[in-house]
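[1] When you get a sec, could you give me coordinates for this:
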Amino acid sequence: MSIAINATDIPPRTKPSLYPEPFASRMAGREKRQLGDFFGLNNFGVNLTRLAPGAVSALRHSHTKQDELVYVLQGCPTLHTNEGATRLEPGMCAGFPAGAGNAANLSNDTDSDVLYLEIGDRTTGDEASYPDDDLQAALVDGQWLFTHKDGTAYE
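    The predicted structure follows:
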């Protein structure tokens, strides 16, 4: 394994989304390079994420145990939170403490690509809620399990 590498030389994640359908297809135009996984990091993850015009980072969500931070490198994404929409630009960052319940995502509403870092921990027992969609998630044995809000499985 390399000690250092250009982040864009790390291959993009082969599975574009972990979400079940009908949500996975909504992630079209998003490309993640899992920097933390490439280096074998276990306690936190770092992704270099590119959003094509019209793409979104994720479904708007919040975590019970995972802290998250995004740092914009290129482009001007829109941050959507419980407070509303905020236009970001390169050099800006936003953080989301675990358990705060402030659901968030980014959208690229411009004609140019957006490039940002997303950083989050990998706390066992984390759960994610999605206020705009019939979806909930639980991190079990290192894997995200998705169900409807009533607990039934997606097929």
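
[2] Show the pLDDT at Met1.
    What the model reports for Met1 is a pLDDT of 62.

[3] mind listing the strands for this protein?
    30-34, 44-51, 62-63, 68-74, 78-81, 84-87, 93-96, 105-107, 114-121, 127-129, 136-140, 143-147 (DSSP state E).

[4] Point out the most buried one among those.
    Most buried of those, by mean neighbour count (mean count of other CB atoms under 10 Å): strand 62-63, with a mean of 23. All C-beta atoms are positioned from the backbone trio N, CA, C, and that covers glycine.

[5] Centre of the chain to it, how far?
    Mean-position distance between strand 62-63 and its chain equals 11 Å (CA atoms, centre = their mean, to the nearest Å).

[6] Can you tell me the strand partners of that strand and which way each runs?
    Here strand 62-63 is paired, per DSSP bridges, with strand 127-129 (antiparallel).

[7] gap between the strand it pairs with and the chain center?
    In terms of CA atoms, centre = their mean, the centre of strand 127-129 is found 12 Å from the chain centre.

[8] hmm, who's touching that strand?
    Strand 127-129 is contacted from outside by 61-66, 101, 103, 136-139, 144, using CB atoms under 8 Å, 6 or more residues apart in numbering.

[9] repeat for stretch 38-56
    Residues outside stretch 38-56 that contact it (CB under 8 Å, 6+ apart): 1, 5, 7-8, 10, 26-37, 57, 75, 77, 105-122.

[10] quick one: which of the contacts of strand 127-129 is nearest Glu83?
    Ala103 (10.5 Å; CB to CB).

[11] Could you report the distance from that closest one to Tyr130?
    Relative to Tyr130, Ala103 is positioned 7 Å away (CB to CB, to the nearest Å).

[12] shaky segments in the chain?
    The chain contains residues with pLDDT under 70 at 1.

[13] what's the closest of the strands of the chain to Glu21?
    Of all the strands of the chain, it is strand 143-147 that lies closest to Glu21, at 10.5 Å by CB to CB.

[14] I'd like to know which elements that closest one is packed against.
    Contacts defined by 3 or more CB pairs under 8 Å, 6 or more residues apart in numbering; DSSP states H and E place strand 143-147 against strand 136-140.
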